[in-house]
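**Student:** Here is my input; please provide its structure:
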Amino acid sequence: MCTVIVSVPESPDDPIRVLAVRDEDPGRAWDPLGRWWPELPDVVGVRDSRAGGAWLAADTDAGRLAVVLNRADLLPEKVATGSRGHIVLDAVAGRELPDEPRTHGFNLVEIGGGTARVHHWDGAAVRTVPLGPGVHMIAHGDVDDPDTARIAAWRDAFGAPADGPRWWEPWLTALEETTAVAPTDDRAIIRDNRAHGYPTLSLLVCAASVAGSHADVVYGELVEAGVWNHLDLR
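**Tutor:** Below you'll find the model as predicted:
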């Protein structure tokens with residue numbers, strides 16, 4: 001039940017900005033932002049230690065970024081055999097999404113070439129939604145879904161990012177303001193999902209800027225899962 005915010009500028013020459021909050025089982029090991037894939041030497045990302053894929057990854061020299069969020073699907077447990085994290089690596093390597101991914105449902109945010117889009121996979125069909133200029137929020141449903149409580153509550157709190165090298169700071173301030181609600185509240189972005197039947201809590205935050213043939217990503221971990229603390233992303 002991760003959350004991703006994307007700011008798409010009016011001009012394709014300006015950078016697309018991303019803020020991504022990862023929710024995961026704290027008992028599932030991950031590796032922090034780094035270059036973990038020898039076969040993809042220009043790719044930096046947050047690696048799932050168990051399956052080897054990525055939650056978020058970027059090809060820094062090609063200007064491509066992808067991040068995956070879980071989504072409900074129609075597939076029985078034994079049918080889906082692939083790792084959603086490898087869909088992320090395929091995306092930043094420039095490989096097209098298959099018509100029928102062998103994974104459980106996901107929302108894949110994909111950025112490159114001055115455009116942003118979200119692929120929705122529910123086990124029946126892949127739908128691709130281009131993101132127009134403006135600020136968008138994605139969670140476990142559709143883009144800017146008004147029926148998703150955190151989107152309805154907070155989408156308008158995330159205005160355009162700032163200029164300058166620490167452009168993400170206003171978004172971190174907005175993110176901190178969302179913690180006025182409890183992490184178990186359905187409106188929360190920094191979340192404790194155990195009350196909703198999932199063993200996942202918010203663990204870390206990444207911010208990314210993608211423009212032309214270059215991508216930059218910065219990273220910070222929460223000291224305690226599901227509990228906000230000031231983050232110095234780097």
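
**Student:** immediately after the longest strand anywhere in the chain, which helix or strand?
**Tutor:** Counting residues, the longest strand found in the chain (DSSP state E) is strand 201-211. Under the assignment DSSP states H and E, the closest C-terminal helix or strand after strand 201-211 is strand 214-221.

**Student:** so that following strand versus strand 201-211, what angle?
**Tutor:** For strand 214-221 against strand 201-211, the angle by axes from the mean of the first three to the mean of the last three C-alpha atoms, to 10 degrees is 160 degrees.

**Student:** What residues sit buried inside strand 214-221?
**Tutor:** By neighbour count with 16 or more other C-beta atoms under 10 Å, strand 214-221 contains the buried residues 215, 217, 218, 219, 220. Where C-beta positions appear, they are placed from N, C-alpha and C, glycine not excepted.

**Student:** returning to what we had before: I'd like the average pLDDT over the longest strand of the chain.
**Tutor:** The average of the pLDDT scores along strand 201-211 is 98.

**Student:** Repeat that for stretch 190-197.
**Tutor:** For stretch 190-197, the mean per-residue pLDDT is 95.

**Student:** starting at the chain centroid, how far to that stretch?
**Tutor:** 18 Å (C-alpha atoms, centre = their mean, to the nearest Å).

**Student:** again, but for stretch 95-114
**Tutor:** Stretch 95-114 has its C-alpha centroid displaced from the chain centroid by 13 Å (C-alpha atoms, centre = their mean).

**Student:** What residues of it count as buried?
**Tutor:** 97, 101, 103-112, 114.

**Student:** next one: stretch 170-178
**Tutor:** Here stretch 170-178 shows 171, 172, 174, 175, 178 as buried, counting by 16+ other C-beta under 10 Å.

**Student:** quick check, distance from it to the centre of its chain.
**Tutor:** That offset, for stretch 170-178, works out to 16 Å (C-alpha atoms, centre = their mean).

**Student:** Now do it: everything it contacts.
**Tutor:** Stretch 170-178 is touched from outside by 5, 19, 21, 150, 153-154, 157-159, 161-162, 187-190, 205, 207, 228, 230-231, 233, with contacts defined as C-beta atoms under 8 Å, 6 or more residues apart in numbering.

**Student:** returning to that earlier point: now, which of the buried residues of stretch 170-178 lie within helices?
**Tutor:** Taking DSSP state H as the definition of helices, the buried residues of stretch 170-178 contribute 171, 172, 174, 175, 178.

**Student:** which of the contacts of stretch 170-178 are buried?
**Tutor:** By 16+ other C-beta under 10 Å, the contacts of stretch 170-178 give 5, 19, 21, 150, 153-154, 157-158, 161, 187-190, 205, 207, 228, 231, 233 as buried.
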